[in-house]
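Asker: Sequence first, predicted model second:
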Amino acid sequence: MSHDSLAPSQAAPAVAVPADAEEEGAFGIDAFTLDDRLRLFHFAAAEKRHDYLWLLRAFERGRANYQVLLNASDVSGLLRQMAGEYAGAAAVGDVQPLLDALAEWRVLDRSYDGTRAANLAEYRNRHYVYQFTQAGYRAYRAVEDVLGAALEDAQLSRLVFPDILADLTALAEANAAGDAEEVYRKLGRLDSVLNEMAQRAARFYLMLGDLARTNDTRPEVFLAHKDALLAHMREFTAELGRYAPLLAEAVEKAAASGVDRMVEYAAEADERLFRTPAARLDDWRQRWGGIVHWFGEREHSEAERLQDATVTAIRSVLALLRRVTEARRGGVSRESQLRHLAQWFTSCVSDDDAHALFQAVFGLGAPRHIAVPYPDPELIPGRSSWWEAEPVELARTLVQSGRTPALKGPGRIERNDAERARLRAEQIREQAERRGAAAALARDGAYSRVLDEAETRALLSLMDVALAARVPVTRGVPGPTAAGSAHGVRLTLVPTGPGEAFTTVRTVRGDLHLDGLRLEVTG
């Protein structure tokens with residue numbers, strides 16, 4: 001199953017590689033060079049990695065209790081408190097060398113605190129206190145995220161589509177009203193939701209790939225989850241197909257309210273201090289471009305690619321189910337068969353019986369004797385032993401089947417150029433006929449005349465696209481309209497007025513009665 005059909009909500013950001021030397025005026029996390037950032041993860045691969053992990057968890061607990069600066073005795077006290085809940089915390093020994101190592105790797109920041117000294121001896125011994133560096137805390141949280149990752153994180157999010165639609169509508173209203181703070185909030189929320197949805201989808205399809213690779217050894221795991229997986233993917237596909245046209249229309253309305261003004265409002269309300277106004281404008285313009293790429297592009301949007309990937313995943317899961325079912329159809333699985341065969345081998349009385357069983361099961365037979373001369377026999381002396389002479393290269397087909405490989409060219413390709421030209425001309429004619437019929441519908445309308453066969457087919461195909469959106473349209477009640485576009489025209493289903501019960505479209509196939517609906521076809 002393909003994983004490369006998913007892309008993030010925006011263009012892939014450039015990787016920020018820190019310079020080898022610190023820039024002038026850099027401070028905080030910007031002062032960390034590339035080597036410094038890589039050394040942050042030394043504690044995860046060190047010999048005492050478990051002790052380092054529990055030590056950093058003690059700092060995390062102190063940070064949660066607003067106790068930022070900790071000395072060695074404070075850390076030991078926190079570890080004793082955690083030892084009552086976790087056995088691993090009680091195994092940590094002397095914390096001072098661990099603190100010094102973490103400070104050397106710049107995971108912790110070490111500073112001198114003379115106010116804590118009770119006497120002159122402690123003052124001379126340089127009483128140190130430690131706290132997380134900004135980069136060190138991120139490295140610790142990255143390790144904890146990996147350790148705490150679970151299968152529940154890999155799921156498609158189908159309940160976010162109503163919220164995305166509501167946020168796009170509110171974004172267009174806020175932009176039209178000139179509310180910069182609301183534009184900033186809605187754009188930021190849309191960007192975070194789309195990023196999370198793309199990451200969840202990527203993790204979900206990777207989980208499906210892992211499940212497919214492990215089904216040979218543990219098919220019961222796949223069989224236990226197949227129903228939930230199929231139902232989850234089908235519900236997500238249905239929701240995405242339902243909301244895709246509505247989200248595309250909402251993106252168009254938001255863009256119509258003024259993209260440049262929207263980006264300027266968001267950059268104006270942005271509170272990132274260390275970004276220039278030009279950088280903030282460019283950042284928010286890229287975020288809006290990512291939203292348009294997700295839902296605004298009709299044919300090649302990320303929403304369409306996500307739906308295609310889900311349909312492909314459903315087919316892959318069904319194919320995997322078929323393979324697992326066929327493997328277990330005989331009453332026992334491959335694993336059970338191999339276990340029984342191994343038990344037979346261990347029950348053999350003698351080696352001769354084991355060899356006979358091996359021959360009966362695998363049927364390898366006697367070795368095949370093949371006589372193949374050297375390409376140049378004069379290079380190998382006849383007095384040389386077989387153990388000393390160079391080996392002779394053998395073809396695989398000669399060893400497997402005993403036949404000398406023969407060089408054969410590719411088979412002749414039969415080409416029927418006349419039939420291909422006829423089919424291509426027929427295809428072009430049908431496309432032109434559908435496009436002309438759709439243009440006639442947009443020009444003359446669907447009422448007050450009898451539609452011919454081509455116009456009838458074009459009208460029915462447009463109605464299929466409009467009804468696939470599943471937008472409820474109620475007679476006499478203003479609300480959302482179902483719409484679909486194809487062949488360069490757009491068909492809209494709108495509710496009729498209170499005094500009009502139904503409308504009738506006359507075609508060569510018969511009359512089409514629409515209860516409480518009216519068709520509008522525009523170019």
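Answerer: Here it is on my side, so go on. Please read all numbers here as calculations on a predicted model, not as lab measurements.
Asker: Tell me which stretches of this structure form strands.
Answerer: Assigned by DSSP state E, the chain shows strands spanning 108-112, 128-132, 450-451, 482-486, 489-495, 502-507, 510-515, 517-522.
Asker: hey, least reliable of those strands by pLDDT?
Answerer: Mean pLDDT per stretch puts strand 482-486 lowest among the strands of the chain, at a mean of 74.
Asker: buried stuff in that strand?
Answerer: Buried residues in strand 482-486, counted by 16 or more other Cβ atoms under 10 Å: 482-486. No exception for glycine: its C-beta is placed from N, CA and C like everyone else's.
Asker: Throw those into TSV and include distance to Gly290, thanks.
Answerer: Shown next, in TSV, are those (distance: Cβ to Cβ, whole Å):
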residue	distance to Gly290
Ala482	28
Ala483	25
Gly484	26
Ser485	24
Ala486	27
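Asker: any idea which of these is closest to Ser301?
Answerer: If you rank the buried residues of strand 482-486 by distance to Ser301 using Cβ to Cβ, Ser485 comes first, at 14.2 Å.
Asker: Can you give me the separation between the closest one and Leu519?
Answerer: 14 Å (Cβ to Cβ, to the nearest Å).
Asker: which residues do the two both contact?
Answerer: Common neighbours of Ser485 and Leu519 are listed as Leu491 (criterion: Cβ atoms under 8 Å, 6 or more residues apart in numbering).
Asker: The strands of the chain: which one's closest to His50?
Answerer: That would be strand 108-112 among the strands of the chain, by Cβ to Cβ, at 17.3 Å.
Asker: So for that closest one, what gets flagged as buried?
Answerer: Leu108.
Asker: and it with strand 128-132, angle?
Answerer: 150 degrees (axes from the mean of the first three to the mean of the last three Cα atoms, to 10 degrees).
Asker: mind listing what strand 108-112 pairs with, with the direction of each?
Answerer: strand 128-132 (antiparallel) (DSSP bridges).
Asker: what distance separates the partner strand from the centre of its chain?
Answerer: Computed by Cα atoms, centre = their mean, to the nearest Å, the chain-centroid distance of strand 128-132 equals 39 Å.
Asker: From Pro495, how far off is the residue lying farthest from the centre of the chain?
Answerer: When distances are taken from the C-alpha mean of the chain, Arg383 lies farthest, 65.3 Å away, according to Cα atoms, centre = their mean. For Arg383, the distance to Pro495 equals 102 Å [Cβ to Cβ].
Asker: repeat for Ile428
Answerer: From Ile428 to Pro495 the distance is 39 Å (Cβ to Cβ).
Asker: And the two? Which one has more around it.
Answerer: Pro495 (17 against 10; other Cβ atoms under 10 Å).
Asker: In a markdown table, list the strands of the chain along with distance to Leu168.
Answerer: Putting the strands of the chain into a markdown table (distance: least, Cβ to Cβ, whole Å) gives the following:
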| stretch | distance to Leu168 |
| --- | --- |
| strand 108-112 | 44 |
| strand 128-132 | 39 |
| strand 450-451 | 36 |
| strand 482-486 | 17 |
| strand 489-495 | 20 |
| strand 502-507 | 32 |
| strand 510-515 | 30 |
| strand 517-522 | 23 |
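Asker: of all the ones you listed, which lies closest to Leu159?
Answerer: Judging the strands of the chain by Cβ to Cβ, what sits closest to Leu159 is strand 482-486, at 22.3 Å.
Asker: What strands line up against the closest one, and which way round?
Answerer: strand 489-495 (antiparallel).
Asker: contacting residues for Lys186?
Answerer: Lys186 makes contacts with 167-168, 170-171, 174, as judged by Cβ under 8 Å, 6+ apart.
Asker: Can you give me the separation between Gly93 and Gly241?
Answerer: Going from Gly93 to Gly241 by Cβ to Cβ gives 59 Å.
Asker: again, but for Ala58
Answerer: Applying Cβ to Cβ, the value for Ala58 to Gly241 is 50 Å.
Asker: measure the residue nearest the centre of the chain to Val311 for me?
Answerer: Per Cα atoms, centre = their mean, the C-alpha nearest to the average position across the chain is that of Ala202, at 1.3 Å. Applying Cβ to Cβ, the value for Ala202 to Val311 is 17 Å.
Asker: What is the longest helix seen in the chain packed up against?
Answerer: Secondary structure assigned by DSSP state H gives helix 219-256 as the longest helix of the chain. Applying 3 or more Cβ pairs under 8 Å, 6 or more residues apart in numbering; DSSP states H and E, one finds that helix 219-256 contacts helix 161-177, helix 180-213, helix 302-327, strand 482-486.
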